[in-house]
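Participant: missing the sequence, but the structure's below:
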Ligand code: HEM
């Protein structure tokens, strides 16, 4: 009995010693990793043991862009931090950003994973469902070249009437607030942008504003917190991201919860369409190209062609997984960014009535017919400046202005190893007095119409830059301009006692105002 107690004690002690030893090795590894920037002479915040600055930067109520910006003020235009075991470099120097986003694209063609729980994004075997936003290398290039035609000026002119119809439906809904109580205008813009993207990407036949269950699902996806166990694990052990993903596959931060619901929508739409098209083919009926699903399915083929660019190979065939992934990302990317841009612009106009009257004057002069055409929209230069200025003051998607180094290289004298991640501090660029002058903090749309010396291309990057710049930029701008032109032609957006003194901005990815409370005053 005594011997068995002794051996039990010895076993427990043995296990404890092993545990302490393993812990000590892991702790030393992280301690060493967390000297990565110091060893290279790059300053930065001291994070927590193991997870580095991940916890600070994963709070949806305090968007990371603002925290990064606080650090820029402290450490300068280039500094480093750690997201678990991964070193991240934050840059707000326009010349270095140009190197990363444009000149050395072949070393930085991957976006820094925002959802880090993926398999190999260059390999269709390991991560079959990839989308244009997350894809890398040859897979990205293939999806990008398939998607780009849908966002050309020609394509946007073709869909303008459909989009304007959604604007008019939004106006009908808003009309109940005319000369009435203050309301949250952001909600209307969210309904509108989701409506447009559902019609353009997913073949939704008619406007379904305030009747579309997808809106609440995507809203919740954008308001998710990143402080969840799978994320902590993926951040701590980046090499095992795929294992983490597979283990927690049904967790709401991976493919469960609202994400699963949205995927189900996309899956159903894509599989129904594949069936419809093959039935058409049997009856020798030509397939229409009504939306993005049709556009992708036109390339849906079983033929496999290898593409060795970017040092990787990829099948050129478009799979149903590709189409589902793309619809998913279009619904997300096409919804939140533009709705937020419209909400910020409306807030700034309400707070700056003289700028709003100037915009109304321009709209009255140019938009003389009942409908506002794509060509009219192209002539609204002051309105264009208003949206650009709103996106300067409130960059809505700076989280996407990020890259990962895929080939060890140098930036200036600094060696950047493969695997290092890069983030642009867009707020620093957009609010820099050096770039924008002493009035950088003020809303001055006129600055976009001045013919002074041109600014550096990386000074204003709400849509990113280089070959991976936002593919939906033209669509987002034309939606925002068409919507604002109709709103401002009919109403003045007016601030009142309920209007937020300061907007409360939230989100782990895009940055959304919690609400934008304004009045609508009839103009005529
Ligand atoms: C005001 C509106 C919008 C803003 C501010 C915005 C912003 C951005 C930014 C910053 C990026 C990253 C660019 C980079 O890495 O250099 C991006 C990428 C992307 N955006 Fe947008 N976006 C907007 C509207 C849209 C719309 C309407 C769609 C489509 C329906 C869209 C789809 C995408 C996609 C698919 C990507 C990934 C492109 C790639 O990696 O090749 N965006 N967007």
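Facilitator: Looks like it came in fine. Worth saying up front: this structure is predicted, and the values here are computed from it rather than measured.

Participant: contacts, neighbours, all on C-alpha from now
Facilitator: OK.

Participant: with adjacent residues omitted, what lies nearest to the residue of the stretch 101-250 of the chain found nearest the ligand?
Facilitator: Going by C-alpha to the nearest ligand atom, the ligand is nearest to residue 133 of the stretch 101-250 of the chain, at 3.8 Å. In space, and not counting its chain neighbours, residue 133 is closest to residue 329: 7.0 Å by C-alpha to C-alpha, 6 or more residues apart in numbering.

Participant: next helix or strand past the strand or helix carrying residue 81?
Facilitator: If you go by DSSP states H and E, residue 81 is part of strand 78-83. Reading on from strand 78-83 to the C-terminus, the next helix or strand found by DSSP H and E is strand 86-91.

Participant: who touches the following helix or strand past that next one?
Facilitator: For strand 86-91, the following helix or strand on the C-terminal side (DSSP H and E) is helix 94-98. Helix 94-98 is contacted by residues 91, 411-412, 424, 429, 456-459 when judged by C-alpha atoms under 8 Å, 6 or more residues apart in numbering.

Participant: just the pLDDT for residue 207.
Facilitator: We have a pLDDT of 93 for residue 207.

Participant: now do the same contact list for it.
Facilitator: 165-166, 169, 195-196, 199.

Participant: can you rerun that using 10 Å?
Facilitator: 162-163, 165-170, 191-192, 194-196, 198-199 (C-alpha atoms under 10 Å, 6 or more residues apart in numbering).

Participant: likewise for residue 257?
Facilitator: Taking C-alpha under 10 Å, 6+ apart, we find residue 257 in contact with 217, 220-221, 250-251.

Participant: helix, strand or coil for the residue nearest to residue 133?
Facilitator: helix (DSSP: H, G, I helix; E, B strand; the rest coil).

Participant: that one contacts residue 143, doesn't it?
Facilitator: No: the criterion here is C-alpha atoms under 10 Å, and residue 329 misses it with residue 143 at 12.0 Å.

Participant: overlap in contacts, the two.
Facilitator: 130-133.

Participant: ok so, going back, the residue of the stretch 101-250 of the chain closest to the ligand - that's part of a helix, no?
Facilitator: No: going by three-state DSSP, the assignment for residue 133 is coil, not a helix.

Participant: number of nearby residues for it?
Facilitator: Residues within reach of residue 133, counting by other C-alpha atoms under 10 Å, total 22.

Participant: tell me the contacts of it?
Facilitator: Taking C-alpha under 10 Å, 6+ apart, we find residue 133 in contact with 110-111, 113-114, 140, 143-144, 325-326, 329-330, 333, 400, 468, 470-471.

Participant: give me the lowest-pLDDT entry from the residues you listed.
Facilitator: Among these, residue 114 has the lowest pLDDT, at 61.

Participant: and the strands in this structure?
Facilitator: Using DSSP state E, the strands of the chain run over 78-83, 86-91, 183-184, 402-404, 409-411, 414-416, 421-424, 491-494, 505-506, 512-513, 517-522.

Participant: among the contacts of helix 94-98, which are in reach of the ligand?
Facilitator: Taking C-alpha under 6 Å from any ligand atom as the test, the ligand is in contact with none of the contacts of helix 94-98.

Participant: most neighbours, which of these?
Facilitator: Most neighbours among the contacts of helix 94-98, by other C-alpha under 10 Å: residue 424, with 31 neighbours.

Participant: could you turn the buried ones of the contacts of residue 257 into a PyMOL selection?
Facilitator: Buried residues among these (16 or more other C-alpha atoms under 10 Å), as a PyMOL selection:
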select buried, resi 217+221+251
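
Participant: quick one, what contacts residue 352?
Facilitator: By C-alpha under 10 Å, 6+ apart, the contact list for residue 352 reads 346, 443-444, 493-495.
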